[in-house]
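Trainee: coords please:
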Amino acid sequence: MPDVAAADAGVGDGGSGEVDGGDAGPAAPDRGRWRIRWTQSADFPTIIDHHTTFVGRSLSVPGTSALYVIGGQVTQTEELFDTIYAAGILPDGGLGPWAQVGTLPRPRAFHGIAANTGDGTYLAGGITDGPSGAGALGEVSRLVILNDMTLSTDGYSFFNQAALHPTFDSVRDQLVMVGGSGAAGPLTSVWTVSQKVDAFGMQPDGGFAAVAAQAARLPIARSHHLSVVYRGHLYLLGGFTTGDLPLSVIHRSRHDDAGIIVGWDEAGTMPDPPWTHSGFVHDDAVFVVGGGSFGATTWLQRIRRAPFLADGGVGVFEDVLDGLPVGRAHVHQTPFHQGLIYTVGGRAELPRGGFGSIERVDIGRLERE
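Mentor: Down below sits the predicted model:
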């Protein structure tokens, strides 16, 4: 069952979306079986989970990319991090040494992320430290990699919703925060704000709440889920609803001409849905990575793939050969970059029993058989 109590009141998968344009053209046909060949990289500097991860421009080597890890926590101690780490991506896809490259305005974990939007990378929701201990956030912060190769955290603002484990994506020029867990459990709320609104200039007094609005609510409360963006639509996969009940139904967003979400359609099902899994879009298909299980094996090594269909639905899921080297959940994102999958830390079974944060980093090369 999901670990939703006490110190783990929710985790955002964080919205891992490869945007594939608008609604133009049918999806490509299914392209057969896939496998992943894994290499273990140097460990992350600390054990960590509930962080967010993305690939962006390097701050140290012009014209190259780096893997970033933002915030997070340690399960064993409940310590929250305000750190921003990066490791350069080498020509062969390996990682250089990890280095701290910045600091968040405050510690943050359990948050969602909308990465590489064109005007920055945004963090939404989660928890932070406060005078009375950890507290939930409705805060949105923006990270910007500047032209002089420095990193800026240029302020913050708020949605009128504190959420843990929300997903957060950029779709059709809207930033959209979906679901997650509130004080009473999984949420149906969907918050949106236009990336084109001048008032989105992040004000410390919460100015952007005036231009943020609720979009069409979810048909059913959902938390600990995965969101991906494909052909201008959000797809929600897995997670659970009220009462820790698993959600196998896949929902797809419906938009008006301004890009606002006006409804949700059923787009298929995913049998045996996980929670706090991650995923990505590649080759007109969604890949679902790891997560927690509602069955006997808590921490999943399983990786599945399903093609997007011409009518916007999601086809049948098949297991990818060579799942994760270790079962893990609460990783939030496994960025896919130039044919490689990067997975950092997470929560897993520990060698001496029990579970907790790990520092392991693995790189997988995705290949079609």
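Trainee: how far does stretch 211-218 sit from the chain's center?
Mentor: 20 Å (CA atoms, centre = their mean, to the nearest Å).
Trainee: Actually, stretch 218-238.
Mentor: 11 Å.
Trainee: and the end-to-end length of that stretch?
Mentor: 14 Å (CA to CA, to the nearest Å).
Trainee: what about the helices in the stretch 51-200 of the chain?
Mentor: Counting by DSSP state H, counting those that start in this stretch, the stretch 51-200 of the chain forms no helices at all.
Trainee: Can you list the neighbours in contact with stretch 360-369?
Mentor: Contacts to stretch 360-369, defined as CB atoms under 8 Å, 6 or more residues apart in numbering, come from residues 31-44, 93-95, 282-283, 287, 321-322, 324-326, 328, 336, 339-346, 348. (Each C-beta comes from the backbone N, C-alpha and C, glycine too.)
Trainee: and the gap between the closest residue to Ala221 other than its chain neighbours and Phe81?
Mentor: Computed as CB to CB, 6 or more residues apart in numbering, the closest residue to Ala221 that is not its neighbour in sequence is Pro186, at 3.8 Å. Distance, Pro186 to Phe81, using CB to CB, to the nearest Å: 25 Å.
Trainee: neighbour-wise, which of those two wins?
Mentor: Using other CB atoms under 10 Å, the more surrounded residue of Pro186 and Phe81 is Pro186, with 27 against 21.
Trainee: ok so, going back, please list only the buried members of the contacts of stretch 360-369.
Mentor: Neighbour-count burial (16 or more other CB atoms under 10 Å) applied to the contacts of stretch 360-369 gives 34, 36, 38, 41, 44, 93, 95, 282, 287, 322, 324, 326, 328, 336, 340-346, 348.
Trainee: shouldn't His282 be in contact with Phe336?
Mentor: Yes: His282 is in contact with Phe336 according to CB atoms under 8 Å; the separation is 5.8 Å.
Trainee: what about the stretch 1-150 of the chain, any weak spots by pLDDT?
Mentor: For the stretch 1-150 of the chain, applying pLDDT under 70 flags the ranges 1-32, 130-134.
Trainee: Go again with 90.
Mentor: 1-33, 105-106, 116-120, 129-150 (pLDDT under 90).
Trainee: What number of residues are in the vicinity of Thr334?
Mentor: Neighbours of Thr334 using other CB under 10 Å come to 25.
Trainee: Contact partners for the residue nearest to Ala221?
Mentor: 179-180, 221-223, 239-242.
Trainee: Nearest to Asp257 among these?
Mentor: Gly179 (24.7 Å; CB to CB).
Trainee: list the buried ones in stretch 271-280?
Mentor: Quick answer for stretch 271-280 (16+ other CB under 10 Å): 273-280.
Trainee: what about it, distance to the chain center?
Mentor: 11 Å.
Trainee: CA-only coordinates of that stretch, as CSV, when you get a sec.
Mentor: In CSV, the C-alpha atoms belonging to stretch 271-280 read as follows (Å, rounded to 0.1, in the frame of the first residue of the first chain):
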residue,chain,number,x,y,z
PRO,A,271,-3.3,-2.5,-15.4
ASP,A,272,-1.6,-2.8,-12.0
PRO,A,273,-1.0,1.0,-11.7
PRO,A,274,2.0,2.1,-9.7
TRP,A,275,2.3,5.2,-7.5
THR,A,276,5.2,7.7,-7.2
HIS,A,277,6.5,6.4,-10.5
SER,A,278,8.2,8.5,-13.2
GLY,A,279,8.0,8.4,-17.0
PHE,A,280,8.8,10.0,-20.3
